[in-house]
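Build me a structure from this.
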Amino acid sequence: MKFSVIIPVFNRPDELRELLLSLTQQTYSNFEVLVIEDGSILTAEQVVQDFNGQLTIRYYVKPNSGQGFTRNFGFERATGDYFVIFDSDALVPPHYFAVVNQRLETDWLDAYGGPDAAHPKFTPVQKAISYSMTSPFTTGGIRGSRKNLGGTYHPRSFNMGLSRKVWETIGGYKLSRMGEDIEFAIRIIENGFKTGLIPDAFIYHKRRTNFRQFFRQLRFFGRARINISRYYPRELKLVHLFPALFTLFVFSVPVWVLVNGTLFGLALGVLLVFSVLIFLDASRKENSLYVGLLSVAAAFVQLIGYGTGFLSEGWKRLREPKGFRETGATIEYPT
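Here you go, the predicted model:
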């Protein structure tokens with residue numbers, strides 16, 4: 001099995017260097033790497049040149065069009081049997097392709113997804129963000145489960161693979177941003193392809209390096225969930241309302257002190273219990289009280305960021321004419 005690794009890059013040469021270095025350490029080496037520069041000002045050309053001879057690697061430069069269409073650009077030029085998509089802020093453990101290849105040889109998947117984890121060398125903030133994005137106490141638990149909502153696994157593009165046949169059949173991404181990976185996964189499944197999670201095919205996902213960037217990213221994710229409902233209304237499920245309800249609850253707490261002191265105390269108690277659960281679970285998993293404290297902040301940032309994005313785009317959606325659709329192609333990258 002020959003794999004083609006597709007990596008869109010947007011102004012992140014240093015992150016790309018770390019990702020490519022991790023790919024040089026793979027125990028399974030039958031893969032090529034396609035780096036596609038998506039209209040970057042800060043380019044990664046020199047980084048790619050540094051890995052010539054260490055990897056079978058090709059470098060392309062194109063005008064900015066977003067992640068989805070940039071991945072399509074890579075699909076069109078890939079020569080492998082199976083395409084693998086990574087975000088540029090990933091680190092790939094040495095066993096990754098060996099695990100994927102073994103799974104595909106014993107139990108075929110037309111498309112797969114893998115979980116993400118925090119690398120031991122990540123900063124405390126990065127570990128806290130990673131915890132928040134994978135914790136069962138936030139929305140993160142859904143992403144790493146064997147089945148997503150609806151009973152079928154929906155891969156996500158930060159760590160995803162698909163066969164050449166999938167690409168040739170459904171034609172890649174139709175959206176470039178605003179939930180492009182969700183829409184892509186839905187279409188893969190609707191066309192009868194078999195999807196699944198490969199638990200041991202995890203990556204270390206650096207995500208954002210501070211809470212301000214993390215908030216902006218999660219606000220974008222909340223907007224994306226509403227954008228998907230423009231194309232697939234049935235994909236908007238009750239559990240997706242949780243961050244929005246949490247956000248409204250948090251913002252309403254200061255008002256309650258003027259209305260009813262008992263309710264105000266009860267609301268603070270609920271938030272305290274939630275915070276303690278996050279703190280204890282994160283401290284145990286990361287073996288650090290400091291990361292546990294930061295994880296409480298990360299959980300609030302995640303839920304409120306997602307919730308405000310969901311509410312703002314949802315309000316916009318309610319005011320749109322019936323049948324209106326907005327393409328994700330005009331939405332800027334979160335930074």
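
how far is stretch 110-124 from where the chain is centred?
Average the C-alpha atoms of stretch 110-124, do the same for its chain, and the two points are 10 Å apart (C-alpha atoms, centre = their mean, to the nearest Å).

What count of nearby residues applies to Leu236?
Around Leu236 there are 17 other residues, counting by other C-beta atoms under 10 Å. Heads up, the C-betas are built off the backbone N, CA and C, glycines and all.

does it really touch Asn227, like I thought?
No: the pair Leu236 / Asn227 is not scored as a contact, 10.4 Å apart, by C-beta atoms under 8 Å.

give the contact list for the closest residue to Leu280 other than its chain neighbours.
Taking C-beta to C-beta, 6 or more residues apart in numbering as the measure, Leu280 lies nearest to Gly292, with 7.1 Å between them; neighbours along the chain are not counted. The contact partners of Gly292, taken as C-beta atoms under 8 Å, 6 or more residues apart in numbering, are Ile278, Phe279, Leu280, Ala282, Ser283, Arg284, Glu286.

Mind picking the lowest-pLDDT entry from those residues?
Looking at those by pLDDT, the weakest one is Glu286, with 90.

That residue - nearest residue in space that isn't next to it in sequence?
Leaving out its chain neighbours, the residue that sits closest to Glu286 by C-beta to C-beta, 6+ apart is Lys127, at 5.5 Å.

For the one you found, grab the count of nearby residues.
For Lys127, the tally of surrounding residues (other C-beta under 10 Å) stands at 25.

What is the neighbour count of Lys121?
Burial of Lys121, expressed as a neighbour count using other C-beta under 10 Å, amounts to 9.

Quick check: it is in a strand.
No: remark: Lys121 does not belong to a strand; assigned using DSSP: H, G, I helix; E, B strand; the rest coil, it is coil.

Which pLDDT value goes with it?
In this prediction Lys121 is given a pLDDT of 85.

can you map out the strands along the stretch 201-335 of the chain?
In the stretch 201-335 of the chain, strands defined by DSSP state E, counting those that start in this stretch lie at 203-205, listed in chain order.
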